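In: The sequence and its predicted three-dimensional model are supplied below.
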Amino acid sequence: MQPQPSHVQRIGDKEWLPQSEFERLVELARWCEEIALSILKGKIDLKEFAALLAPLCRMLRDDVTDALQDQNSPPIQLAKDWRQLLFPDASDEQFADAYAQSVIFALSFVYFWRWALWKVFEHNTTSAPGIVSFITSAAYIEGDAFYGMREHMRRLCDEIR
């Protein structure tokens, strides 16, 4: 593989040259959709899944590291809170890495939920409906980020406890 200029990003096996932040977000959304579709088709290989998420995690980490240079950026207060509560000695780089891994973990959590719902309730199967059971944090029950997933589950499931 030839060395790439620093402005060329790799996401999985794709090279990508963002021209604007908007185009970057659109490309990331398409990439996430590809991951979700492969999971919905039941084609999930955990090593491959981790390899797909790693570049996204690195990009997010680098973006957060850059944002921490601006004292008015939203991650500044979040970094202060995390340091106060969890990581008192964390450098900006350590915070950015921990934050990126947390966000990516949450994404993989949602992808897995979505796959399980599809497999049990939406997949054309000859067997009877099944049960989906997960042990989850309060963030799933209370968090705004999971609102859409909870709504989808209510439409599919007879009972949610």
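Out: Good, I have the coordinates.

In: any idea how far Trp118 is from Met149?
Out: Met149 sits at a distance of 12 Å from Trp118 (criterion: Cβ to Cβ, to the nearest Å). Any C-beta I mention is one placed from the backbone N, CA and C, and that applies to glycine too.

In: cool, Leu107 as well?
Out: Counting by Cβ to Cβ - Leu107 and Trp118 are separated by 17 Å.

In: and Tyr99, how many neighbours does it have?
Out: 20 (other Cβ atoms under 10 Å).

In: Correction: the previous question concerned Ile141.
Out: Counted with other Cβ under 10 Å, the neighbours of Ile141 add up to 10.

In: do the same with Gln71
Out: 6.

In: before we move on, what SS does it have?
Out: The three-state assignment at Gln71 reads coil, by DSSP: H, G, I helix; E, B strand; the rest coil.

In: Would it be right to say that Thr136 lies in a helix?
Out: No. The assignment for Thr136 (three-state DSSP) gives coil, which keeps it out of a helix.

In: Next, give phi and psi for it.
Out: phi -140, psi 170 (degrees, to the nearest 10).

In: Just the buried residues of stretch 134-152, please?
Out: For stretch 134-152, the neighbour count (16 or more other Cβ atoms under 10 Å) marks Tyr140, Phe146, Met149 as buried.

In: now, which of those residues sits nearest Ala67?
Out: Minimum distance to Ala67 across the buried residues of stretch 134-152 is 24.3 Å, recorded for Phe146 (Cβ to Cβ).

In: So the closest one sits against Val110, correct?
Out: Yes. Counting by Cβ atoms under 8 Å, Phe146 touches Val110, with 7.4 Å between them.

In: Residues in contact with whatever helix or strand Gln77 lives in: which ones?
Out: Using DSSP states H and E, Gln77 sits in helix 74-85. Helix 74-85 is contacted by residues Val64, Ala67, Leu68, Asp70, Asp89, Ala90, Asp92, Phe95, Ala96, Ala98, Tyr99 when judged by Cβ atoms under 8 Å, 6 or more residues apart in numbering.

In: Quick check: the two most widely separated of those residues?
Out: Asp70 and Asp89 (22.4 Å).

In: higher neighbour count, the two?
Out: Neighbour totals were compared for Asp70 and Asp89, and Asp70 leads with 10 against 6 (other Cβ under 10 Å).
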